[in-house]
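# This is the structure alone, sequence omitted:
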Ligand code: NYM
Ligand code: MG
């Protein structure tokens, strides 16, 4: 059963966002029915994905610098692990790879790079993780990701690069099941510790980034007021996560198609 489900997920993983899962091919009809019954049973056991052979969920937190994403990712992850869910915390840029180290030096103002070049490096940093991301999700691990493609597009477009050009290299990366945008006013974020250490951490620039973020909203996007107390934000994230898990049960992985 598990093997069949994974095969179904992998085959379907090339479908594009927005297209509903195709009906099970003839011959797999009874399998599809059994799978549905099986998923129902799995949700009753806790509804955190990954239990019983289903795929994990791809949940992304987005927001301006110092909007509280990293703290909330950590809180959500420990909540999920406490429930026995198979979950991991990821972040982009992933500064551990050689591409990520080039990005990190650029952000720390230790190197200069052309705007389009660094945009493509951010994207390449996601592409180099795509295979691992897919295999984790298909084997049932839920990923809580601190920044993803929406950061890539919003930050580069805010520098004046063409929006469509910025979106193009993201197409084909795995589409998130849920994007939670932590909404904090740039002025408020700038009062938080460590602000201004890296490139882009300037109030006027962050205002432009916020506008681009909001222009990227789609059906996977939820906005949470990040200026509320941490515990309130955490509570809202748990609720959004729980709804997402229920909705993405049985949905194949999809690709970004901007
Ligand atoms: N950033 C992040 C981009 O400009 N493009 C991207 O694709 C990603 C993932 O890097 N100011 C920017 C947003 C942040 C900076 O991220 C570093 P963090 O989460 O502050 O380490
Ligand atoms: Mg930052």
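Noted; the coordinates are in hand. Quick caveat: nothing in here was measured; it's all calculated off a predicted structure. Ligands and ions are numbered 1, 2, ... in the order given.
# Does residue 65 touch residue 201 like I think?
Yes: contact status for residue 65 versus residue 201: in contact at 5.0 Å, counting by CB atoms under 8 Å. Backbone N, C-alpha and C define where each C-beta goes, glycine included.
# Please identify which of the two sits among more neighbours.
Set residue 65 next to residue 201 and count neighbours by other CB atoms under 10 Å: residue 65 wins out with 23 against 18.
# In contact with the more buried one, which residues?
When contacts are counted by CB atoms under 8 Å, 6 or more residues apart in numbering, residue 65 touches 189, 195, 198, 200, 201, 206.
# Of the residues you listed, which are in range of ligand 1?
198, 200 (CB under 6 Å from any ligand atom).
# Taking the contacts of residue 65 together, which two end up most distant?
Spanning the widest gap among the contacts of residue 65 are 189 and 198, at 13.0 Å by CB to CB.
# Between the two, point out the one with more neighbours.
Per other CB under 10 Å, whichever of residue 189 and residue 198 has more neighbours is residue 189, with 22 against 13.
# Using the three-state scheme, assign the closest residue to the more buried one other than its chain neighbours.
If the residues on either side of it in the chain are set aside, residue 189 comes closest to residue 66, at 4.1 Å by CB to CB, 6 or more residues apart in numbering. What DSSP: H, G, I helix; E, B strand; the rest coil gives for residue 66 is coil.
# ok, residue 66 to residue 147 distance?
13 Å (CB to CB, to the nearest Å).
# tell me, what's touching those two both at once?
In contact with both residue 66 and residue 147: no residue, using CB under 8 Å, 6+ apart.
# still on that earlier bit, could you pull up the residues touching the residue nearest to residue 189?
184, 189, 190, 192, 193, 194, 195, 201.
# Sitting in helices, which of the residues you listed do you find?
189, 190 (DSSP state H).
# Could you dump the contacts of residue 66 into TSV and include pLDDT?
Output for those, formatted as TSV (pLDDT from 0 to 100):
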residue	pLDDT
184	98
189	97
190	97
192	94
193	91
194	91
195	95
201	98
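# Could you work out the most separated pair of the contacts of residue 66?
Across those (CB to CB), the longest gap, 14.6 Å, separates 184 and 194.
# Give me the more crowded residue out of those two.
residue 184 (25 against 9).
# What separation do you get for that one and residue 191?
Going from residue 184 to residue 191 by CB to CB gives 10 Å.
# re the thing from before, quick one: which of the contacts of residue 66 is nearest residue 106?
In terms of CB to CB, no member of these lies closer to residue 106 than residue 201, at 13.6 Å.
# Verify the contact between that closest one and residue 195 for me.
Yes: Residue 201 lies in contact with residue 195 (CB under 8 Å); the separation is 5.5 Å.
# Quick check: bridge partners of residue 142?
Using DSSP bridges, the bridge partners assigned to residue 142 are residue 87.
# Against ligand 1, how distant is it?
20 Å (CB to the nearest ligand atom, to the nearest Å).
# Just the pLDDT for the residue nearest the centre of the chain.
The centroid of the chain falls nearest to residue 60 when counting by CA atoms, centre = their mean (2.7 Å). If you check residue 60, the pLDDT there is 98.
# hmm, the helix or strand hosting it in reach of ligand 1?
Residue 60 belongs to strand 58-63 when assigned by DSSP states H and E. No: applying CB under 6 Å from any ligand atom, one finds strand 58-63 out of contact with ligand 1, separated by at least 9.1 Å.
# which neighbours does that strand have in its sheet, and in what orientation?
Next to strand 58-63 in the sheet, as set by DSSP bridges, lie strand 142-146 (parallel), strand 178-183 (parallel).
# can you list contacts of that strand?
Against strand 58-63 from outside (CB under 8 Å, 6+ apart): 69, 72-73, 76, 133, 137, 142-148, 150-151, 154, 174-184, 213, 226, 241, 244, 253.
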